[in-house]
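Trainee: Return a 3D structure for these sequence lines:
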Amino acid sequence: MKRSVLAILMVAGTVVAPHVEAQTASDAAASSPATAASSPANPVDPAAIQALKTMGAHLQSLKRFSVSVDLIGERVLDDGQKLQHSATAQLDVDRPHRVRAVMRTARSEHEIFYDGKTVSFYVPQQKYYSTVAFDDSLAALVARLHERYGVEFPLSDLFVWGTPDAPTDQFESAMFAGQDYIGSDITNHYAFRQKDIDWQIWITPGEKPLPRKLVITRRDDDARPQSVSIIDWVMSPTFKDSVFTFRPPAGAKKIEIVPVGGKRE
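Mentor: As a prediction, this is how the structure comes out:
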């Protein structure tokens, strides 16, 4: 069986994280990554959990923004050889009820529009589109698309962090791992382990913390496939409200989107 991890949650070439010993987040101001303290006795550092909560609260406060991601994922062949694949995603967001997402790879492009009343899916290459009535929040939209239609919304965690649907009590370990530059931004690096995945996140410090990098490693696969996402933000976007409304191009054909399992409402 071919196995892959290409999660658009979430730099060409193999990404290798620098070796940094663990330190508590409270020690960050007093020491650099090179002189970080050894791993604490408690594998779950409360300050690392608090960093996620603080970031999530800030994300939930954002109303109108654009965010993009460059992602590299791995596909593992039957003989264990890994193949890398890249993808991009661009989101325009106007909370609480409007979003447009564009997802691209070398082989496909998909667009999702939500104007607060209707969700539209569009595949430009085939000029196929589908529409579904919906009138709930963006977090509810993410959950609905996954559960009902098997659609993974890009950067979906941005709408879940900071809500009750983002529990912070499932970690086997949580640590602060030093600081790194992501582009021109200095960031705090945190590492977490839960269930069958290890994941790392790089967050800008200060009063307006934003996620800038996300690495996910699957532990339920001996090959440990990994995805690496670099996230960029535009906090004063110039998009118009019309971007959230889908207007079928000339020649586009409407088709029905079939729910998971084929069971229609």
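Trainee: Mind pulling up the pLDDT for residue 103?
Mentor: Listed pLDDT for residue 103 reads 96.
Trainee: host element of it?
Mentor: Here residue 103 sits within strand 98-104, counting by DSSP states H and E.
Trainee: so how far is that strand from its chain's centroid?
Mentor: Its chain's average C-alpha position is 13 Å from that of strand 98-104, according to C-alpha atoms, centre = their mean, to the nearest Å.
Trainee: Also stretch 93-110?
Mentor: That offset, for stretch 93-110, works out to 12 Å (C-alpha atoms, centre = their mean).
Trainee: cool, stretch 84-95 as well?
Mentor: With C-alpha atoms, centre = their mean as the basis, stretch 84-95 stands 9 Å off its chain's centre.
Trainee: ok, now stretch 77-92?
Mentor: The answer for stretch 77-92 is 14 Å, by C-alpha atoms, centre = their mean.
Trainee: Flag every buried residue along that stretch.
Mentor: Going by neighbour count (16 or more other C-beta atoms under 10 Å), the buried part of stretch 77-92 is 84-85, 87, 89-92. No exception for glycine: its C-beta is placed from N, CA and C like everyone else's.
Trainee: quick one on the thing from earlier: which helices and strands sit right next to the strand holding residue 103?
Mentor: strand 82-94, strand 109-114 (3 or more C-beta pairs under 8 Å, 6 or more residues apart in numbering; DSSP states H and E).
Trainee: do you know which of those strands lies nearest residue 154?
Mentor: Set against residue 154 and scored by C-beta to C-beta, the helices and strands packed on strand 98-104 come closest in strand 82-94, at 3.7 Å.
Trainee: Against residue 194, how distant is residue 151?
Mentor: 24 Å (C-beta to C-beta, to the nearest Å).
Trainee: same question, residue 52
Mentor: Here the criterion is C-beta to C-beta. By it, residue 52 lies 12 Å from residue 194.
Trainee: Please apply the same query to residue 98.
Mentor: Counting by C-beta to C-beta - residue 98 and residue 194 are separated by 31 Å.
Trainee: ok, now residue 208?
Mentor: As judged by C-beta to C-beta, residue 208 and residue 194 stand 26 Å apart.
Trainee: Starting from the strand holding residue 103, tell me which strands it pairs with and how they run.
Mentor: Strands that pair with strand 98-104, judged by DSSP bridges, come out as strand 82-94 (antiparallel), strand 109-114 (antiparallel).
Trainee: nearest to residue 140, of the ones you listed?
Mentor: Proximity to residue 140 (C-beta to C-beta) singles out strand 109-114 among those, at 10.7 Å.
Trainee: got the buried residues for the helix or strand following the closest one?
Mentor: Per DSSP H and E, the first helix or strand lying C-terminal to strand 109-114 is strand 118-123. For strand 118-123, burial by neighbour count (16+ other C-beta under 10 Å) applies to 119-122.
Trainee: Repeat that for stretch 143-163.
Mentor: Buried residues in stretch 143-163 (16+ other C-beta under 10 Å): 143-145, 148-149, 151, 153-162.
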